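Engineer: Sequence and computational prediction follow.
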Amino acid sequence: MIGTNEDREIVDWRKITEDGQTVYEIEYDEPVSAPTGRSKSLFGASSGGTVPAGEQYFHLPDGKRIPASEAVFDADGTTLRVRHEPSMVARLRRYLPW
């Protein structure tokens, strides 16, 4: 789950729509910062191996998974806002017949 660890727990969360995009507002029990790196524990590489970039996902509170490369974060105090912004390649794949 995004942003949880042994010391930090999710207090509340909600899913809203802003400008046609789904935004998750996740509130924690202590201040949080926006994820900056790709932690092995977030991506299941606890065996010491690496996980290919195309298989790295963030798990959101409602069970939805978004690709790590397409997640945008904004942290403010105890609140983390998460948006899914598909990459240009992902957008093109939807429209090209290959």
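Structural biologist: Now that the structure is in, tell me what you want to look at. Just so it is clear, the model here is predicted, and its values are computed rather than measured. Residues are numbered from 1 along each chain as shown.
Engineer: can we go C-alpha only for contacts and neighbour counts from here?
Structural biologist: Fine.
Engineer: Any idea which helix or strand in the chain has the lowest mean pLDDT?
Structural biologist: Within the chain, no helix or strand scores below helix 88-95, which has a mean of 62 by mean pLDDT, DSSP states H and E.
Engineer: partner strands of the helix or strand hosting residue 13, parallel or antiparallel?
Structural biologist: Using DSSP states H and E, residue 13 falls within strand 10-18. Strand 10-18 sits in its sheet next to strand 21-28 (antiparallel), going by DSSP bridges.
Engineer: What is the subsequent helix or strand relative to the strand it pairs with?
Structural biologist: Assignment by DSSP H and E places the next element after strand 21-28 at strand 57-59.
Engineer: For that following strand, buried residues please.
Structural biologist: 57-59 (16 or more other C-alpha atoms under 10 Å).
Engineer: can I assume residue 82 sits in a helix?
Structural biologist: No: counting by DSSP: H, G, I helix; E, B strand; the rest coil, residue 82 is not part of a helix but strand.
Engineer: That one reaches residue 18, doesn't it?
Structural biologist: No: if you go by C-alpha atoms under 8 Å, residue 82 and residue 18 don't touch, sitting 11.6 Å apart.
Engineer: Settle it for me: which of those two has more neighbours?
Structural biologist: residue 82 (22 against 9; other C-alpha atoms under 10 Å).
Engineer: who's in contact with the more buried one?
Structural biologist: Neighbouring residues of residue 82 by C-alpha atoms under 8 Å, 6 or more residues apart in numbering: 23-26, 71-74.
Engineer: what about it, distance to residue 12?
Structural biologist: Between residue 82 and residue 12 the computed distance is 14 Å (C-alpha to C-alpha, to the nearest Å).
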